[in-house]
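> Sequence isn't available, so here's the structure alone:
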């Protein structure tokens, strides 16, 4: 019996070594701005973060927003929204309290004109926006981008692009200096 | 017990574990079926032909490609709405069969399983879709935005859609975009196409 156990160990050790060992893969790999990130459904290149004025979400004058600009390419096979149900669900910013919050809205510009959607194979310049108070002016912003998986739900057999909005696992975590403009 | 036997037994143990893990993984795998049991029932047809479904009849009158769209109300000379790909504008007429309805779902399906939803841009160039009445033919336009190399072989799928489109009607219309026709469309594509020209 101990010999058999020894045998299992003798075979397991090289197998585990081959599979990459027990060292945890980083949950939030650190990436840099300008790096192309593969999120499964989207390919995202984050440009920069800045504070800017934009039209309020409900059309109430101009408000201050924290804006992260990125280039987004839809790698899926269907038109995807930039808002809820689409890109927004996979983007999060880290607050001072350590909570990840998703953007209030994501505005898109493709070929110089506004859009709310991304078509497969056509890039969009997207601005993820978080509303800010008049006095807030963070010097750095940490943004996380989640990975999308093409899978079926737990209870249904329909395949779809799914992102876990509650998880702290990110395909990339970027800390960006916040510029004022 | 010699070393060979030890390795053999160990290998059998690991192999068994792998098989068990494989069985558990296989148990969670489901085949990907793109069609669902309660998908809208599609009626096929081609461009120029009247396609009659249970709820509505539709006829595609023409397809135009455009490099850019003219914004609706050009106060202060707004720039045209451009694209990195191409706009495909489908002109169609439709009438309801029994009761007034709207064609809520309109997609362009292209070879390779790609689906492009209608109305890709914001309000400036979006067409308000009419309500179709029984026995009255109403025409409208549907705008799609897609990469140039996806135009060939595109089909229009329109349906009544809605929140629960179970077994509702849809028309699947071949737009006749063969290789030559698609190339011709792309070549002739104008700038500043007036989507809202006929007051829709």
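Good, I have the coordinates. Because the structure is a prediction, the values reported are computed rather than measured. Residues are numbered from 1 along each chain as shown, chains lettered A, B, ... in the order given.

> Which parts of chain B are helices?
Assignment of helices within chain B using DSSP state H yields the ranges B:3-28, B:179-188.

> What is the distance between the longest one and the centre of its chain?
Between the mean C-alpha location of helix B:3-28 and the chain-wide mean there is a distance of 46 Å, by CA atoms, centre = their mean, to the nearest Å.

> export the helices of chain B to a markdown table and tack on distance to chain A?
Just so you know, the C-beta spots here come from the backbone N, C-alpha and C atoms, and that holds for glycine as well. As requested, the helices of chain B are exported to a markdown table (distance: least, CB to the nearest CB, whole Å):
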| stretch | distance to chain A |
| --- | --- |
| helix B:3-28 | 3 |
| helix B:179-188 | 15 |
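
> Dump those helices to a markdown table, plus distance to residue A:41.
What follows is these, written out as a markdown table (distance: least, CB to CB, whole Å):
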| stretch | distance to residue A:41 |
| --- | --- |
| helix B:3-28 | 21 |
| helix B:179-188 | 27 |
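
> closest to residue B:34 out of those?
Across the helices of chain B, residue B:34 has its closest neighbour in helix B:3-28 (19.8 Å, CB to CB).

> Next, the buried residues of that closest one.
B:6, B:9, B:10, B:13, B:14 (16 or more other CB atoms under 10 Å in any protein chain shown).

> pLDDT on that helix, on average?
Mean pLDDT, taken over the full extent of helix B:3-28, equals 91.

> Over to stretch B:42-51?
Per-residue scores along stretch B:42-51 average to 94.

> Give me the buried positions along that stretch.
B:43, B:45, B:47, B:51.

> Show me the two of the residues you listed that sit farthest apart.
Farthest pair in the buried residues of stretch B:42-51 (CB to CB) is B:43 and B:47. Separation: 14.5 Å.

> Leaving out sequence neighbours, find the closest residue to the residue of chain A found nearest chain B.
Going by CB to the nearest CB, chain B is nearest to residue A:7 of chain A, at 2.7 Å. Using CB to CB, 6 or more residues apart in numbering or on different chains and skipping residues adjacent in sequence, the residue nearest residue A:7 is residue B:10, 2.7 Å away.

> repeat for residue B:109
residue B:155 (5.0 Å).

> again with residue A:80
Residue A:80's closest residue in space is residue A:86 (CB to CB, 6+ apart), at 4.5 Å.

> want to try TSV for the buried residues of helix B:3-28, with distance to residue A:31 as columns?
As requested, these are arranged in TSV below (distance: CB to CB, whole Å):
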residue	distance to residue A:31
B:6	46
B:9	46
B:10	41
B:13	41
B:14	36
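
> so what's residue 142 up against?
No chain in the question, so chain A it is. Contacts for residue A:142 were tallied using CB atoms under 8 Å, 6 or more residues apart in numbering or on different chains; they are A:93, A:94, A:173, A:174, A:175, A:176.

> Oops, wrong one, chain B.
When contacts are taken as CB under 8 Å, 6+ apart, residue B:142 is in contact with B:89, B:90, B:92, B:106, B:118, B:119, B:127, B:156, B:158.

> May I have the phi/psi pair for the residue nearest the centre of chain A?
Nearest to the mean C-alpha position of chain A, by CA atoms, centre = their mean, lies residue A:145 at 1.8 Å. Backbone torsions for residue A:145, taken as degrees, to the nearest 10, come to phi -120, psi 120.

> since we're on the closest residue to it other than its chain neighbours, how many residues are nearby?
Nearest residue to residue A:145, sequence neighbours excluded (CB to CB, 6+ apart): residue A:172, at 4.9 Å. Residue A:172 has 21 neighbours, counted by other CB atoms under 10 Å in any protein chain shown.

> rewinding a little: including distance to chain A, could the contacts of residue B:142 go into TSV?
What follows is the contacts of residue B:142, written out as TSV (distance: CB to the nearest CB, whole Å):
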residue	distance to chain A
B:89	15
B:90	15
B:92	19
B:106	11
B:118	9
B:119	9
B:127	16
B:156	14
B:158	15
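
> Pick out the lowest-pLDDT one from those residues.
For the contacts of residue B:142, the pLDDT minimum is residue B:127, 85.

> so what's that one up against?
By CB under 8 Å, 6+ apart, the residues touching residue B:127 are B:119, B:140, B:141, B:142, B:143, B:195, B:196, B:200.

> Bridged to the closest residue to residue B:45 other than its chain neighbours, which residues?
Setting aside the residues directly before and after it, residue B:45 is nearest to residue B:51 in space (CB to CB, 6+ apart), at 3.4 Å. Under DSSP bridges, the beta-bridge partners of residue B:51 are residue B:58.

> Can you give me the pLDDT of residue A:1?
At residue A:1, pLDDT is 66.

> Surely residue A:63 is in contact with residue A:133?
No. Using CB atoms under 8 Å, residue A:63 makes no contact with residue A:133, being 9.8 Å away.
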